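Q: generate a structure from the sequence data that follows.
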Amino acid sequence: MDFDPPLASTYRSLLEGMDSSEDHVAEVEECELPLIDLARLSGGAAARERCMREIAVASSEWGFFQVVNHGVPAERFDRIRSVQLEAFRQPFESKVNEGFLDYSSESYRWGNPSATSLQQLSWSEAYHISTIPSPPPASPGTLRCTIEEYASSVSELAQKLGEILAEHLGCRRSYFEEVCSSSTSYLRLNRYPPCPAPSRVLGMIAHTDSAFLTILHQDKVGGLQLRKGERWVAVKPIPHSLVVNIGDLLEALSNVEFRSVEHRVMANREVERFSMAFFLCPSHDTVIESVRKPSVYRPFSFGEFQHQVQDDVRTEGYKVGLSRFLVAPRCT
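A: Next up, the predicted model:
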């Protein structure tokens, strides 16, 4: 199809060179993440306290949880899904050269240009979209308006969860509101095309998120897996829920009380998969420093962290992440 990125032809040598007797991606057990009903935040003091405690525990023990009654209307998911379909059904050459709506062509990404092995290859395409409302204001019912409405909804949810986690850590409740804004956070629309070798190629390679929080909506196809201890577990999709996961910056801020957990997306031979991820990020000059001592990680700015990730991907072929910022052990 003319809208599919040329993954098979671009990575033909990697696909032809794979060992057909070995599956790199094994079957894993399906699990249900902690499911938290956010309606309790509007209830009595006891219900609110239990809900906040469950969020903190899930952030510590899993690094992932799912939320319902989150305040994002169901019809907003339907509308943003329609936008995704229209965006990804554009001819591939148009996506690469012309962009979508008023977004630059640089917002469109596909595959992994630096991949030298199947383990580094992501069978996917995505639009990275700034959440800054652009002038003039989008007209109601337009594609851009739909994107901005969805981004606003999940941004409000991320800030609400951020207040709860900040309070648990002893930070100012307004911490995330002060350092994160629509100009620093972004939305990523993902599509995972059918893959001819789903047992050996991933839709998205294993990684952690370079943000404070990620809010994910996935379709019923599923495919998201996360690392729990020494094993991978598959996340069971729950209709009308959102998946929340802790990012690298919040792990550092919390001094590893909250965990940024490695996760990946499985490829599928038969059907395409769609998801939408919102990343709560600070400004580049925001310094991330643990609120508790002694610190596991040294202080670093978000800009420094991003540059290190980019350098590692370019030179190593993968993201190294927080381990680059560990406090050096003292000599005794």
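Q: just the strands from the stretch 201-332 of the chain, written as ranges.
A: 202-207, 213-218, 224-228, 231-235, 242-246, 263-266, 273-280, 287-288, 300-301 (DSSP state E, counting those that start in this stretch).
Q: quick one: the lengthiest helix in the chain to strand 213-218, angle?
A: For the chain, the longest helix by residue count, based on DSSP state H, is helix 143-169. Using axes from the mean of the first three to the mean of the last three Cα atoms, to 10 degrees, one finds that helix 143-169 and strand 213-218 are set 130 degrees apart in direction.
Q: now do the contacts for residue 130.
A: The neighbours of residue 130, taking Cβ atoms under 8 Å, 6 or more residues apart in numbering as the test, are 182-183, 186-187. Where you see a C-beta, it was placed from the backbone N, CA and C, and this is true even at glycine.
Q: isn't residue 115 right next to residue 10, touching?
A: No - under the criterion of Cβ atoms under 8 Å, residue 115 makes no contact with residue 10, lying 9.2 Å away.
Q: which of the contacts of residue 130 fall in strands?
A: 186-187 (DSSP state E).
Q: buried among the contacts of residue 130? Make that a PyMOL selection.
A: Those of the contacts of residue 130 that count as buried under 16 or more other Cβ atoms under 10 Å are selected in PyMOL with:
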select buried, resi 186+187
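Q: which residues of the stretch 1-150 of the chain fall in strands?
A: Using DSSP E, counting those that start in this stretch, strands in the stretch 1-150 of the chain cover 29-31, 35-37, 64-68, 108-110, 125-130.
Q: where does pLDDT dip in the stretch 51-200 of the chain?
A: For the stretch 51-200 of the chain, residues meeting the criterion pLDDT under 70 lie at 134-139.
Q: what's residue 96 in contact with, if anything?
A: By Cβ under 8 Å, 6+ apart, the neighbours of residue 96 are 105, 108.
Q: distance of it relative to residue 306?
A: Noted for residue 96: a distance of 24 Å to residue 306, by Cβ to Cβ, to the nearest Å.
Q: residues contacting residue 155?
A: Per Cβ under 8 Å, 6+ apart, neighbours of residue 155: 131, 182, 185, 278, 280.
Q: so how do I select the buried members of those in PyMOL?
A: Per 16+ other Cβ under 10 Å, the buried members of these correspond to this PyMOL selection:
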select buried, resi 131+185+278+280
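Q: show me what counts as buried in stretch 213-224.
A: 213-219, 221-224.
Q: for residue 58, what are its contacts?
A: Residues near residue 58 by Cβ under 8 Å, 6+ apart: 33-34, 36, 64-65.
Q: tell me the pLDDT of the nearest residue to residue 208 once chain neighbours are set aside.
A: In space, and not counting its chain neighbours, residue 208 is closest to residue 260: 4.6 Å by Cβ to Cβ, 6 or more residues apart in numbering. Residue 260 is assigned a predicted lDDT (pLDDT) of 98.
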